[in-house]
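Q: Pasting the sequence and the predicted model now:
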Amino acid sequence: MTELKIVFIGGNHPRHTYYLNRINQRFPVAGAIIEKRSDGTNEKNPIPPDNISEHDKQNFVKHFSNRYTTEQKYFGNEKTPDCNLLEIEKNELNGQKTVDFINSIKPDIVLIYGSHLIKEPLYSQLPENTINLHGGLSPRYRGTATMFWPFYFLEPNYVGTTFHYIISEPDAGTIIHQSVPTLEIGDKIHDVSCKTIIQSSKDVV
């Protein structure tokens, strides 16, 4: 029987690497395209935007500092698995390097989590079974910060993820499955987010 060839496309935050490793433990991946996130939010003390108030800057730093601490608690220092690896910057995601990498492996399945939007020329080179993990319950929460807004609107029961096929529009492909965590007394916003990724990692396997 021919072994399925799986390629991962995603970010380099601890949650992204955790997801990749759980897949790789059960189904060794043939390759991984890792987008190095340079938005400052991968650091313990990120720099807030200049165009917000001092109060919002303090909240920005507090939010991402707490996220960093919580991800370390749940995910530790995950390392990228030993596989064919292509590390890229955001502006290289849809470039010729990634196209050549995909074509060199010819994957049966591509699993995406934590990258920016897939566009041409990469989009047309991906197999039919290309599945994105969106951090939010679509269609109720699409776009960005989709594990933050449910708390803001007092809907923590709507924190979750959505597995969907990709199309040329963001978060708009056919939904395959949705994952939600078990909410427990004492959970904070980042605990719930981390538990959601752990559940999603179990579900994808």
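A: Arrived safely. Numbers count the residues shown, from 1 in each chain.

Q: which residue ranges form the helices in the protein?
A: Assignment of helices within the chain using DSSP state H yields the ranges 14-26, 54-75, 96-105, 149-152, 189-204.

Q: CA atoms only: put the first one into PDB for me.
A: Right, the one you point to is helix 14-26. Output in PDB follows, covering the C-alpha atoms of helix 14-26 (Å, rounded to 0.1, in the frame of the first residue of the first chain):
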ATOM      1  CA  PRO A  14       4.200  27.000  19.800                       C
ATOM      2  CA  ARG A  15       0.600  26.100  19.000                       C
ATOM      3  CA  HIS A  16       1.300  25.600  15.300                       C
ATOM      4  CA  THR A  17       4.300  23.400  16.000                       C
ATOM      5  CA  TYR A  18       2.300  21.400  18.600                       C
ATOM      6  CA  TYR A  19      -0.400  20.700  16.000                       C
ATOM      7  CA  LEU A  20       2.200  19.700  13.400                       C
ATOM      8  CA  ASN A  21       4.000  17.300  15.900                       C
ATOM      9  CA  ARG A  22       0.800  15.600  16.900                       C
ATOM     10  CA  ILE A  23       0.100  14.800  13.200                       C
ATOM     11  CA  ASN A  24       3.700  13.800  12.600                       C
ATOM     12  CA  GLN A  25       3.600  11.300  15.600                       C
ATOM     13  CA  ARG A  26       0.800   9.300  14.000                       C
END
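
Q: now it against helix 54-75, angle please.
A: Between the direction of helix 14-26 and that of helix 54-75, the angle (axes from the mean of the first three to the mean of the last three Cα atoms, to 10 degrees) works out to 20 degrees.

Q: What's the local residue count around residue 127?
A: Neighbouring residues of residue 127 were enumerated by other Cβ atoms under 10 Å; the total is 13. Placement of C-beta: from N, CA and C, glycine included.

Q: My guess is it contacts residue 105. True?
A: No. If you go by Cβ atoms under 8 Å, residue 127 and residue 105 don't touch, sitting 10.5 Å apart.

Q: got a list of what residue 36 touches?
A: Neighbouring residues of residue 36 by Cβ atoms under 8 Å, 6 or more residues apart in numbering: 12, 87, 88, 89, 90.

Q: try residue 96
A: Residues touching residue 96, when contacts are defined by Cβ under 8 Å, 6+ apart, comprise residue 121.

Q: mind checking how far it is from residue 122?
A: Distance from residue 96 to residue 122, counting by Cβ to Cβ, to the nearest Å: 9 Å.

Q: ok, now residue 56?
A: The spacing between residue 56 and residue 122, counted by Cβ to Cβ, is 35 Å.

Q: Based on its surroundings, how many neighbours for residue 111?
A: Neighbour count for residue 111, taken as other Cβ under 10 Å: 23.

Q: Among the contacts of residue 36, which one sits closest to residue 159?
A: Sorting the contacts of residue 36 by how near they are to residue 159, with Cβ to Cβ, puts residue 12 at the top with 22.9 Å.

Q: ok, that closest one touching residue 37?
A: Yes. Counting by Cβ under 8 Å, residue 12 does reach residue 37; the two are 5.9 Å apart.

Q: No further questions, thank you.
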